[in-house]
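**Q** Need coordinates for the below:
(chains A, B, C and D)
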There are 2 protein chains.
Amino acid sequence: MTDEQAVGLAPMFKALGDPVRLRLMSMIASTTEICVCDLTDAFDLSGPTISHHLRVLREAGLVDSERRATWVYYSAKPEALRQLSGLLEITTPA
Amino acid sequence: MTDEQAVGLAPMFKALGDPVRLRLMSMIASTTEICVCDLTDAFDLSGPTISHHLRVLREAGLVDSERRATWVYYSAKPEALRQLSGLLEITTPA
DNA sequence: TGTCAATCTAGACGTATGTCGAAGCAGGCA
DNA sequence: TGCCTGCTTCGACATACGTCTAGATTGACA
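**A** Down below sits the predicted model:
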């Protein structure tokens, strides 16, 4: 792995390296799309904090967001998760 | 995913969330074992900094270390990588 | 025993991160 | 137009992180 590849991929792992974001990612990826209000309800954290974590996931390229009327819906980007999964498999020859 | 699961798994992702550690992990996992001196030579960083990153990978459960004579050898723990890879696959139904 | 080489630990320093409350923005509705 | 609700942005704060230099530790060997 080159340094450039590592610099490009590390932010995705970093984004998943927080328990709150890992659970958020799990919830988002478990369905086609989910409203921020449903995500916020699942945690004992303030709205701004959840919004911050969702922004980190978005900027890491792991999720997309779309506003429809009053609500914002998040969805997973499967190709990003496959990229990470594939990297770990290649790294695990046995 | 429960909060407990997330709290347990997030540190592994977090450990891979730094470009230096991701490259270290890639180098370690690409062979059966590798000497710290070879790892240090591959980076423009001080020995203590590499040692620090290796400790993070070790405490995350991703690698093992073993001292033999003057040198310390690191090896990957495949079951940990498979755990992460499996999680990402489950999270990616399509 | 003394010395040398490889590695780790300790302490310091600047920056990044996670969290919050307060304020701002966007869209629906009276 | 004005107001309410859902979500984001802003600013602040304590803590964690990445890096370094200096010093400690471990093992080999004369």
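**Q** quick one, helices of chain A?
**A** Remark: helices assigned in chain A by DSSP state H are A:3-15, A:19-29, A:36-41, A:47-59, A:78-90.
**Q** what residues does chain A put near DNA strand D?
**A** A:35-37, A:40, A:47-48, A:50-52, A:54-55, A:65, A:70-72 (Cβ under 7 Å from any atom of the strand). C-beta here means a position set from N, CA and C on the backbone, and glycine is covered the same way.
**Q** hey, which of the helices of chain A is tucked in deepest?
**A** Most buried of these, by mean neighbour count (mean count of other Cβ atoms under 10 Å in any protein chain shown): helix A:19-29, with a mean of 23.
**Q** Show the average pLDDT along that helix.
**A** Averaged across helix A:19-29, the pLDDT comes to 98.
**Q** Same question for stretch A:61-81.
**A** Mean predicted lDDT for stretch A:61-81 stands at 97.
**Q** Going by neighbour count, which residues in it are buried?
**A** For stretch A:61-81, burial by neighbour count (16 or more other Cβ atoms under 10 Å in any protein chain shown) applies to A:62-63, A:73-74, A:76-77, A:80-81.
**Q** what about stretch A:13-27, start to end distance?
**A** Stretch A:13-27 has an end-to-end distance of 17 Å (Cα to Cα, to the nearest Å).
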